[in-house]
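Student: Sequence and predicted structure, then a few things I'm wondering about:
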Amino acid sequence: MSQTTVSGVGGEERDDFTRAESQQIRERSLRLLGSLLRPERSRLLVSLVVVVISTAAQVAGPALIAFGIDSGLPALLANDWMPVALAGVAYLLAGIVGAVLISWFTVLTARISQAILLDLRKRVFVQTQKLSLEFHETYTSGRIISRQTSDLDSIRELLDSGINQLVQGLLYMLFIGIALFALDWASGVILVVSLVPLLILTRWFQLRSQKMFRLTRVASAKLIVKFVETMTGIRAVQAFRTEKSNDAEFNGLTEDYRSANARVIRLFGIFDPGLVLIGNVTVAVVLLVGAFRVIDGQVAVGVLLAAVLYTRRFFDPMEEMAMFYNSYQSAAAALEKISGVLEEQPSVPDPVKPVDLWSSTGAVDFDDVQFSYQNGRVVLPNFSLRIPSGQTIALVGSTGAGKSTLAKLISRFYDPSEGRLTLDGIDLRDLHPKDLRRAIVMVTQEAYLFSGTVADNIAIGKPDASIDEIIAATKAVGAHDFIENLPNGYETDVNKRGGRVSAGQRQLISFARAFLADPAVLILDEATASLDIPSERLVQDALQTLLADRTAIIIAHRLSTVAIADRVLVMEHGIIVEDGSPADLIAGTGRFAQLHASWRQSLV
Ligand SMILES: Nc1ncnc2c1ncn2[C@@H]1O[C@H](COP(=O)(O)OP(=O)(O)OP(=O)(O)O)[C@@H](O)[C@H]1O
């Protein structure tokens, strides 16, 4: 994700695009639109034919009335009712055909828009789930939620009504123009002249509204982001009593949103009456000029009536078409942003030719690994480490030393900037993702539980596990007893009242999940931090079971956990400064010995 280009989500926060950059974004949106429309080609074609016929049928009305008046009435006076009957039946038929086809058109376009939206919604979900941790660490949840909700809504609005109205409106105006010229060219000329103020007004509206709709979109996006951020961090908000300042900030944002909307409304306050005025003046001119020509015998009365009706109707779709511009603007902006997210490439890509590793021994090697995050600051300058299979490593070191970074590299949430990181001699970048996930599991302090039952949550480690296997896993990590005491035991819904579990219990559930997954390499990142001392004792025993027969890397601030390690690594500034067995390091005079001594003292 680069900030200097507009590729991916890079340009999302900018509004100073060069011509080439705007072009690049537009092309990307159009490519996406093309790929969404392609599967709907045949339905689109049918709906176009349907709307053309239905509009023609609707536009036929006034011409038939003119025929009825000018040819039917004189014939009727001469006792020939045929022409009037013909005009009447044709008018009725045109009305029925128009109505039936328009309803078919509505159903057809609704189906097309639903299919497109479904496709897009799925693509956004699949993509955001696929994108690497690096993307999610910088692209806030507020923004990702906006892509799935308000942006898709803008596109839905455009597809559901905007495009229909535009196509129908344009065809309607075109057919009316043709009919008017065919019936009475002079009225046609008047209509064409009226297009001049109409186009000036519309262009003025477009230019002004473009700016203002953009303001409303920016204001509404800021509102959503602020809301989501506050709610995601509600614990910190309440703990630090930041409600007041949040309220003030939110009020400011809602005020921005209100005033942006008010400006849009004011704009419509000029545009709408302007349209009506131009329409009325044109109708009046057509009527006036036509009346004189009727008196002169140049035009029949029926034709004049039809010309007035046509002119009146010509302006009907204008207001909706102006609204189209609004929906088009926000949908285009939404499509630009969505196409940016869809263009992002995972920074940890799946291998092109994956290497299979059916069963891993769990030997992990760092060969001259260098690593820096996106900001470019080097976290691991030059890191080499050999972890033989089956070894239990305790990783200690001051905060910010790079321990979690190491864990994220082994789990392949990130790839090294330089050097190689291998499992059983295979570069992690070449390993089949399935084999990688089976072989390496990381348990973090967060211990996230998904909605569902306790059993479901544990089974994530092994989706086809039987309940006996699940129970065996919970017994191994000491979680069975508390789960049995939950209202519905293993079937308790963790998100329902009564099913809420404590942080420590959540941790035990995630241990059971990892035990069930049975990986060759297990990483525990601060995983025992939220356990109380008795629980931790329990877990210490469980850990022995959990860690047996596999490689384990434990990141722990609590030195009690270190006792079960075969080897302790002390890390500072991305470098290993001490490496040895716990006993050797404690006996020495180094950093770990000091840490251990002060820890022992704190226990007394
Ligand atoms: N996503 C990130 N983007 C940029 N820098 C990061 C990111 N995550 C961590 N860092 C930086 O990398 C360095 C190492 O962080 P890391 O989380 O690996 O430390 P740690 O040893 O696990 O610390 P702690 O014990 O506090 O968890 C820190 O300087 C931190 O600021």
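Tutor: On my side now, so go ahead.
Student: can we go C-alpha only for contacts and neighbour counts from here?
Tutor: Fine.
Student: so who does the closest residue to Ala563 other than its chain neighbours touch?
Tutor: With Cα to Cα, 6 or more residues apart in numbering as the measure, Pro582 is the residue that lies nearest to Ala563, at 6.8 Å, once sequence neighbours are left out. Contacts were defined as Cα atoms under 8 Å, 6 or more residues apart in numbering; by that measure Pro582 touches Val562, Ala563, Ala565, Asp566, Arg567, Val568.
Student: Okay, and which of those residues map to strands?
Tutor: If you go by DSSP state E, those have Arg567, Val568 in strands.
Student: Just the buried residues of the contacts of Pro582.
Tutor: Burial by neighbour count, 16 or more other Cα atoms under 10 Å: within the contacts of Pro582 this picks out Val562, Ala565, Asp566, Arg567, Val568.
Student: What pLDDT is listed against the first one?
Tutor: Read it as Val562. Model confidence at Val562, expressed as pLDDT, equals 79.
Student: Quick check, it in contact with Ala394.
Tutor: Yes: the pair formed by Val562 and Ala394 meets the contact definition of Cα atoms under 8 Å, at 5.7 Å.
Student: Need the overlap of contacts for the two.
Tutor: Ala556, Val568.
Student: ok, back up a step: quick check: the gap between the residue nearest to Ala563 and Ser602.
Tutor: Distance check for Pro582 against Ser602: by Cα to Cα, to the nearest Å, it reads 19 Å.
Student: which regions of the protein sit below the pLDDT cut-off?
Tutor: Judged against pLDDT under 70, the low-scoring parts of the chain cover residues 1-4, 11, 13-15, 496-499, 527-539, 603-604.
Student: Flag every residue of it that's near the ligand.
Tutor: Glu137, Tyr373, Val379, Ser398, Thr399, Gly400, Ala401, Gly402, Lys403, Ser404, Thr405 (Cα under 6 Å from any ligand atom).
Student: ok, and the most crowded of those residues?
Tutor: The residue in those with the most neighbours, by other Cα atoms under 10 Å, is Lys403 (28 neighbours).
Student: Columns secondary structure on top of the residues of the chain next to the ligand, output as TSV?
Tutor: Output for the residues of the chain next to the ligand, formatted as TSV (DSSP: H, G, I helix; E, B strand; the rest coil):
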residue	secondary structure
Glu137	helix
Tyr373	coil
Val379	strand
Ser398	coil
Thr399	coil
Gly400	coil
Ala401	coil
Gly402	coil
Lys403	helix
Ser404	helix
Thr405	helix
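Student: packing partners for the strand or helix carrying Leu309?
Tutor: Taking DSSP states H and E as the definition, one finds Leu309 inside helix 301-314. When contacts are defined as 3 or more Cα pairs under 8 Å, 6 or more residues apart in numbering; DSSP states H and E, helix 301-314 sits against helix 41-67, helix 163-183, helix 243-295.
Student: which SSE is Ala110 in?
Tutor: Element membership for Ala110, per DSSP H and E: helix 82-130.
Student: Report the two of the residues of the chain next to the ligand separated the most.
Tutor: Longest distance between any two of these is 22.4 Å, between Glu137 and Ser398; criterion Cα to Cα.
Student: Nearest to the ligand: which residue in the stretch 101-250 of the chain?
Tutor: In the stretch 101-250 of the chain, the residue that lies nearest the ligand is Glu137 (5.9 Å; Cα to the nearest ligand atom).
Student: With the stretch 201-350 of the chain instead?
Tutor: When Cα to the nearest ligand atom is the measure, the stretch 201-350 of the chain has its nearest residue to the ligand at Ser347, with 12.9 Å between them.
Student: so how many other residues sit close to Val501?
Tutor: Neighbours of Val501 under the rule other Cα under 10 Å: 18.
Student: helix/strand/coil for it?
Tutor: Assigned state for Val501: coil (three-state reduction, three-state DSSP).
Student: Leaving aside the residues adjacent along the chain, what's closest to it?
Tutor: Counting by Cα to Cα, 6+ apart, the nearest residue to Val501 once its immediate chain neighbours are dropped is Val494, at 7.0 Å.
Student: What values do phi and psi take at the one you found?
Tutor: With angles defined as degrees, to the nearest 10, Val494 sits at phi -70, psi -20.
Student: Mind splitting this structure into its structural domains?
Tutor: Each domain of the chain is listed here as a residue range: 19-220+259-343, 364-603, per automatic domain parsing.
Student: now those as TSV including distance to Thr232?
Tutor: As requested, the domains of the chain are exported to TSV (distance: least, Cα to Cα, whole Å):
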stretch	distance to Thr232
domain 19-220+259-343	9
domain 364-603	14
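Student: wait, which of these is closest to Ile234?
Tutor: Nearest to Ile234, of all those, is domain 19-220+259-343, at 14.1 Å by Cα to Cα.
Student: Quick one: end-to-end length of the closest one, please.
Tutor: With Cα to Cα as the measure, the ends of domain 19-220+259-343 fall 20 Å from one another.
Student: can you give me the offset of it from its chain's centre?
Tutor: Average the C-alpha atoms of domain 19-220+259-343, do the same for its chain, and the two points are 28 Å apart (Cα atoms, centre = their mean, to the nearest Å).
Student: and the helix or strand encompassing Ala512, what does it pack onto?
Tutor: Ala512 belongs to helix 503-517 when assigned by DSSP H and E. Of the remaining helices and strands, those touching helix 503-517 by 3+ Cα pairs under 8 Å, 6+ apart are strand 440-444, helix 454-459, helix 467-477, helix 533-547.
Student: which residues in the stretch 351-500 of the chain form strands?
Tutor: Under the criterion DSSP state E, counting those that start in this stretch, strands of the stretch 351-500 of the chain are mapped to 364-372, 378-387, 392-397, 418-423, 426-427, 440-444.
Student: Deepest in the core, which of those strands is it.
Tutor: Per residue and on average, the most neighbours among the strands of the stretch 351-500 of the chain fall to strand 392-397, with a mean of 25 (mean count of other Cα atoms under 10 Å).
Student: quick one on the thing from earlier: TSV please, covering the helices and strands packed on helix 301-314 and showing mean neighbour count and distance to Asp456.
Tutor: Rendered in TSV, the data for those read as follows (neighbours: other Cα atoms under 10 Å; distance: least, Cα to Cα, whole Å):
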stretch	mean neighbour count	distance to Asp456
helix 41-67	19	42
helix 163-183	19	45
helix 243-295	16	36
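Student: possible to save those helices as TSV with distance to Ala459?
Tutor: As requested, the helices and strands packed on helix 301-314 are exported to TSV (distance: least, Cα to Cα, whole Å):
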stretch	distance to Ala459
helix 41-67	43
helix 163-183	47
helix 243-295	39
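Student: To Pro433, which of the ones you listed lies closest?
Tutor: Comparing the helices and strands packed on helix 301-314 by Cα to Cα, helix 41-67 comes nearest, at 36.3 Å.
Student: Tell me which helix or strand comes right after the closest one.
Tutor: The first helix or strand that comes after helix 41-67 along the chain, using DSSP H and E, is helix 73-77.
Student: List the buried residues of that next one.
Tutor: Leu73, Ala75, Leu76.
Student: Nearest to Asp119 among those?
Tutor: The shortest approach to Asp119 among the buried residues of helix 73-77 belongs to Leu73, at 56.6 Å (Cα to Cα).
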